[in-house]
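Q: Fold the following, please.
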Amino acid sequence: MRFLLLLLSMWTATGLAVPEGEADALEYFPQQLTASRLLFYCAGSALTNSGRERVKTCAGFISGVEEGVRLLEARAQLTEPSGICVPKGTSSSRFAETYRRYAVKRTSEDEPAASVVLKVLRKAYPCE
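A: Below is the predicted model:
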């Protein structure tokens, strides 16, 4: 037991409790992400490590929303079609850029990010 306490105190004293870069993740997960906060991640700079990580977070979030919609459609659990038809091969970085261009002009502080992502995907990738 003493060994475990000693090991735990050494681990936290060395700063390994929250690795660098993961502190930001604790800030927005699992709480609901707002559209304006997602825009902050989408507008990250490719010139810094933290900027690149923010853009990856943005792209992953948007890809997750799109994947969730496709899963619901595949299981026929949507009451109406989503109206989103993303061409095969569309990259997650393309999603991030599309969101950034739209949200920079039309995002309010408190809107849920997922609902704005759905609006953006419907507008950018409508079904014919």
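Q: Give me the neighbour count for residue 128.
A: 3 (other CB atoms under 10 Å). To be clear about C-beta, it is placed using only N, CA and C from the backbone, and glycine gets the same treatment.
Q: From residue 93, how far off is the closest residue to it other than its chain neighbours?
A: Nearest in space to residue 128, with sequence neighbours left out and distances taken as CB to CB, 6 or more residues apart in numbering, is residue 85 at 7.2 Å. Distance of residue 85 to residue 93, computed by CB to CB, to the nearest Å: 19 Å.
Q: Kindly report the same for residue 60.
A: Taking CB to CB, one finds residue 60 at 10 Å from residue 93.
Q: Which neighbours do those two have in common?
A: Counting by CB atoms under 8 Å, 6 or more residues apart in numbering, residue 60 and residue 93 have no common neighbour.
Q: The residue nearest to residue 128: neighbour count?
A: Residue 85: 12 neighbours (other CB under 10 Å).
Q: ok, it touching residue 126?
A: Yes. Taking contacts as CB atoms under 8 Å, residue 85 lies within contact range of residue 126: 6.8 Å.
Q: Enumerate every residue touching residue 34.
A: Contact analysis of residue 34 by CB under 8 Å, 6+ apart lists 109, 110, 111, 112, 113.
Q: quick one: which of these sit in helices?
A: residue 113 (DSSP state H).
Q: Turn the contacts of residue 34 into CSV, columns for neighbour count, distance to residue 36 and pLDDT.
A: Output for these, formatted as CSV (neighbours: other CB atoms under 10 Å; distance: CB to CB, whole Å; pLDDT from 0 to 100):
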residue, neighbour count, distance to residue 36, pLDDT
109, 8, 5, 67
110, 9, 8, 79
111, 16, 8, 85
112, 13, 11, 89
113, 25, 9, 89
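Q: Please identify which of the contacts of residue 34 is nearest to residue 66.
A: Nearest to residue 66, judged by CB to CB, of these is residue 113 at 12.8 Å.
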